[in-house]
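Q: The following block contains a protein sequence and its predicted model.
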Amino acid sequence: MANTTIGRSAPATLAAAPWRIVAGVLLFAGAIALPFGLSDYQAFQVTLALSYAIAVLGLNMLTGFSGQISLGHGAFYAIGAYTTAILMDRYDWPYWATLPVAGADCLIIGFLFGLPALRLEGLYLALATLALAVATPQLLKANALEDWTGGVQGITILKPDPPAFLPIDADRWLYFFTLAVAALMFLLAWNILRGRIGRALRAIRDHALAAEAMGINLATYKAWVFGVSAMFTGVAGALSAIAVQFVGPDSFDVFLSIRLLTGMVVGGLGSITGAIWGALFIEYVPNIADQISKAAPWAIYGIFLIGFMYAMPTGVAGGLRLLARRLIGRRPPSNG
């Protein structure tokens, strides 16, 4: 039976490989050409969507791959954004040099937060991280930190100019810069999750006791993935600060964490490419809902969300994967 199954699946796998190559080439070409057909504001929106994609990917590494629920990743998004804003405004750092610092800050803070969170699981961990998201805007407004954070006024930074040798404007340069950083972050996540570390995280997610019996150190992996997830989110926050040119406490309320979690679920739990679809949902669906109804935009947003969950219960990435299997003649794996 095993040989028969392999014999059926191998041709389908080989048939799928050219399609993946073609899809990758088309995606790359489309990403390069995209900003030249958009207005400045539309290019800005796509840039923000790319930053959200990095944040959703980081959250998915924590929740989708290791099974730890976080409702507080908006706090790490804020830390990354403020790190970049402070370095650019107070110390005249170049914008690109602030990204590693923002990522390192969130890596350390996320790891340290993950250590005491090891005693919490499920809803208790979700509540602990929610408390972090609720407290962050208030801390940013604190008088003791006002000299650094700007208090309720926030910090305004200048939009970076493109390199002199490139004949493009600042909005398109920021798009390409964010696209390059996003590509590196997605490649990093793919390398982490496809190997031994990814298998260990999935084992912890599916059955922690069995994973521990197999020799996987739960404490090390859980704290480590919390830190790495926070690092991804911090880099995303730094990119958004550069694009928006402003950071303020009210921009990082608890609803930001909810939006990131929503984007992760809509895109697809445990899916790397799902982060892109989730980011598009975060950026564009609220605007579409507002255009449909100025009186009740969140009601329209809720209808969209319910529709996505009903039509694609495994997320957009899962729905597209199922469609691709049908197109190339493969049966989806049974649950039995």
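A: The structure has been received and is ready for your questions. Nothing here was measured: the structure is a model prediction, and the numbers come from that model.
Q: can you pull the pLDDT of residue 335?
A: The score at residue 335 is 43. That number is its pLDDT.
Q: Next: residue 323.
A: In this model, residue 323 is scored at 81, pLDDT.
Q: List the buried residues in the helix or strand harbouring it.
A: Residue 323 is part of helix 315-327, with elements assigned from DSSP states H and E. Residues of helix 315-327 classed as buried by neighbour count (16 or more other CB atoms under 10 Å): 315-321. To be clear about C-beta, it is placed using only N, CA and C from the backbone, and glycine gets the same treatment.
Q: can you put those residues in a markdown table and add distance to residue 284?
A: Listed next are those as a markdown table, based on distance: CB to CB, whole Å:
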| residue | distance to residue 284 |
| --- | --- |
| 315 | 16 |
| 316 | 13 |
| 317 | 17 |
| 318 | 20 |
| 319 | 18 |
| 320 | 17 |
| 321 | 22 |
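Q: so which of those comes closest to residue 98?
A: Compare each of these with residue 98 using CB to CB and the shortest gap goes to residue 317, at 31.0 Å.
Q: That closest one contacts residue 269, doesn't it?
A: No - contact criterion CB atoms under 8 Å: residue 317 and residue 269 do not qualify, at 9.0 Å.
Q: Test my guess that residue 240 contacts residue 84.
A: No - counting by CB under 8 Å, residue 240 sits too far from residue 84 to count as a contact (9.0 Å).
Q: In the stretch 201-336 of the chain, what residue spans correspond to strands?
A: Taking DSSP state E, counting those that start in this stretch as the criterion, the stretch 201-336 of the chain carries its strands at 246-247.
Q: how about the helices in it?
A: For the stretch 201-336 of the chain, the helices defined by DSSP state H, counting those that start in this stretch cover 208-213, 218-244, 254-267, 274-292, 297-311, 315-327.
Q: where does residue 11 land on pLDDT?
A: Predicted confidence (pLDDT) for residue 11: 49.
Q: And for residue 45?
A: At residue 45, pLDDT is 95.
Q: Assign it to helix, strand or coil.
A: For residue 45, the assignment made with DSSP: H, G, I helix; E, B strand; the rest coil gives helix.
Q: what sits against the residue lying closest to it once chain neighbours are set aside?
A: By the measure of CB to CB, 6 or more residues apart in numbering, the closest residue to residue 45 outside its immediate chain neighbours is residue 283, 5.9 Å from it. Residue 283 makes contact with 45, 48-49, 52 under the criterion CB atoms under 8 Å, 6 or more residues apart in numbering.
Q: In JSON lines: these, plus neighbour count.
A: Shown next, in JSON lines, are the contacts of residue 283 (neighbours: other CB atoms under 10 Å):
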{"residue": "45", "neighbour count": "18"}
{"residue": "48", "neighbour count": "21"}
{"residue": "49", "neighbour count": "20"}
{"residue": "52", "neighbour count": "27"}
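Q: from the residues you listed, which is closest to residue 134?
A: Checking the contacts of residue 283 one by one against residue 134 (CB to CB), the nearest turns out to be residue 52, at 20.9 Å.
Q: I'd say that closest one and residue 260 touch.
A: Yes - under the criterion of CB under 8 Å, residue 52 makes contact with residue 260 at 7.5 Å.
Q: what helix or strand does the spatially most central residue of the chain sit in?
A: Taking CA atoms, centre = their mean as the criterion, residue 56 is the residue nearest the geometric centre of the chain, at 2.0 Å. Taking DSSP H and E as the definition, residue 56 sits inside helix 40-63.
Q: Kind regards, and thank you for your time.
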